[in-house]
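J.: test case, fold it:
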Amino acid sequence: MNVYTYICFLSAISILIGFITQKINDKIQYTIAITATSMVASLVLLIMGHFNLLHIDSLARGVMEQIDFKSFLLNGILGFLLFAGALGIKLPVMKSQKCEITILALFSTFASTFLIGSSFYLLTYVLGWEVDFIYCMLFGALISPTDPIAVLAIIKNLKAPKKLSMKVEGESLFNDGVGLVIFTTIFAVAFGGKQPTIADVSELFFMEAGGGLLFGLVLGLIAHFLISATDDGSLEILLTLTIPTAGFMIADLLEVSGALAMVVSGIIIGNWTRHTGFSKQSQHYLDHFWEMIDHFLNSLLFLLIGAAMLLVNFTYQGIILSLIAIPLCLLCRYISVWTPFKFLSMKTTYNPYTLRILTWGGLRGGLSLAMALSLPVGSLYIPKIGMNVRDLLLVMTYAVVMFSILVQGTTIETMVRKSKEATLQARGYVGLKPEHKEEKEA
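T.: As a prediction, the model looks like this:
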């Protein structure tokens, strides 16, 4: 069977799991249920393989290797998911949060990378399992950016106060460019023998991030005028489909950030073209079409995230370091967010649960796994740990991602509910349940 056949069957499985989840309890996040089911199934296959039962684990691992999770996400469905997510962004709310979103996307990503890398290096040194500093920083770079796919798939469905929700969603959509520059630069030092200068890093940043923003603006404007020039509802929807397909590929050919281009063009279509280029009926079709695309691709992606366990090689030392990596990443995330908000809170009053939700809701997902899988196979072997660098960083990344989705994703609803109650109490709605009052966070 070819890759297309595997994708078809896996898509059907993911949709079936979502259907069963909805029938059992419609309050359960379907992405979490799909990931958990896939991970448990993968674990069962690995156990069966360990005891030489049926040998299905080898077949399943071969399927995952053929699909190539990294290419499937980064060069395939990423554009669709980001564009669909950006369509729902309300620009007026984002403008009011531009300072916080910029700081989170720039300062907090850099700070988290350095804190995680440095702390992890010190911990491995104390444990006697020395890992080179550059590889520790590489782990910090790939795990620091919050994943827009994981965040949008879980956070947006919880109906958090609008400004608080926008901080989380806005950061996750815009920190890809920064995270990619950091990861690419450290990757070049670790595996390419290249010593980048400040000029090299600046050029890479402006070409990737700046170029992506500019190209997204141009792409969105072109799509806007084409959509406005027709009254055919079907053609209008099809024109939006050209953005994450041809538009994303052109961004790749231009060597600019296709992810940021999708976000910018999605915001343009969702905030400008929606009201001036679409009829009322077409607006309805636009929302439902992209909601369906988003739901379908997310189902498949989170199934593959759970199945990525089949690609991970486990050792005793790797498991210990993975367990350490989870609280370490959360602590560094909190510090990187707390520092700038300590100064911002001098001028602005925030919801008392802002820092907790930004920390606990800073989910990691498929993007971190894709970056970890992009590391060269058979890279430097670490004798004291019994793993090479790629396998070590992959197992730690997988642990953090699974904890992020399965634990943080399932428990953040309590924080969101409390943040709603705090918002209502601040307005004098004492004793009124959040679901009984539609709120707009001040």
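J.: what sits closest to L138 if chain neighbours are left out?
T.: I186 (5.0 Å; Cβ to Cβ, 6 or more residues apart in numbering). Where you see a C-beta, it was placed from the backbone N, CA and C, and this is true even at glycine.
J.: read off the pLDDT value for that neighbour.
T.: Looking at I186, its pLDDT is 85.
J.: same check on R364?
T.: For R364, the predicted pLDDT is 86.
J.: for the closest residue to it other than its chain neighbours, give me its contacts.
T.: Nearest non-adjacent residue to R364, counting by Cβ to Cβ, 6+ apart: S404, 4.5 Å away. Contact partners of S404, counting by Cβ atoms under 8 Å, 6 or more residues apart in numbering, are 150, 363-365.
J.: dump those to a markdown table, plus neighbour count, secondary structure and distance to A199.
T.: Below are the contacts of S404 laid out as a markdown table (neighbours: other Cβ atoms under 10 Å; DSSP: H, G, I helix; E, B strand; the rest coil; distance: Cβ to Cβ, whole Å):
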| residue | neighbour count | secondary structure | distance to A199 |
| --- | --- | --- | --- |
| A150 | 29 | helix | 34 |
| L363 | 25 | coil | 34 |
| R364 | 25 | coil | 31 |
| G365 | 28 | coil | 33 |
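J.: which one of the residues you listed is nearest V131?
T.: R364 (19.9 Å; Cβ to Cβ).
J.: my guess is that closest one contacts V400, does it?
T.: Yes. Using Cβ atoms under 8 Å as the test, R364 is close enough to V400 to be in contact (5.6 Å).
J.: number of residues surrounding the nearest residue to F80 once chain neighbours are set aside?
T.: Nearest residue to F80, sequence neighbours excluded (Cβ to Cβ, 6+ apart): P244, at 4.5 Å. Number of residues near P244 (other Cβ atoms under 10 Å) recorded here: 24.
J.: secondary structure class of P244, three-state.
T.: helix (DSSP: H, G, I helix; E, B strand; the rest coil).
J.: tell me, what's touching R364 and V400 both at once?
T.: What both R364 and V400 touch, as defined by Cβ under 8 Å, 6+ apart, is the set 143, 329.
J.: pick out the residue closest to the middle of the chain.
T.: D147 (1.6 Å; Cα atoms, centre = their mean).
J.: quick one, phi psi at that residue?
T.: phi -90, psi 120 (degrees, to the nearest 10).
J.: repeat for L363
T.: Dihedral angles (degrees, to the nearest 10) for L363: phi -80, psi 150.
J.: quick one: it and V407 touch, right?
T.: No. Using Cβ under 8 Å, L363 is not in contact with V407, being 10.3 Å away.
J.: what ranges do the strands span in the protein?
T.: With DSSP state E as the criterion, the chain has strands at 381-382, 387-388.
J.: so which of those is nearest K95?
T.: So among the strands of the chain, strand 387-388 is nearest, using Cβ to Cβ, at 46.5 Å.
J.: got the contact list for that closest one?
T.: 313, 315, 317-318, 378-382, 395.
J.: make TSV out of those and add pLDDT.
T.: What follows is the contacts of strand 387-388, written out as TSV (pLDDT from 0 to 100):
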residue	pLDDT
N313	81
T315	80
Q317	84
G318	86
G378	74
S379	74
L380	81
Y381	81
I382	83
V395	92
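J.: report the buried members of these.
T.: 317-318, 379, 382, 395 (16 or more other Cβ atoms under 10 Å).
J.: of all those residues, which two lie farthest apart?
T.: Q317 and S379 (16.5 Å).
J.: pLDDT score for the residue nearest to A111 when sequence neighbours are not counted?
T.: Nearest non-adjacent residue to A111, counting by Cβ to Cβ, 6+ apart: S336, 3.9 Å away. At S336, the model reports a pLDDT of 92.
J.: which ones are touching S336?
T.: By Cβ under 8 Å, 6+ apart, the neighbours of S336 are 107-109, 111-112, 115, 144.
J.: let's see that with 7 Å instead.
T.: By Cβ atoms under 7 Å, 6 or more residues apart in numbering, the residues touching S336 are 108, 111-112, 115.
J.: isn't V312 up against M396?
T.: No. Assessed by Cβ atoms under 7 Å, V312 is found out of contact with M396, at 9.8 Å.
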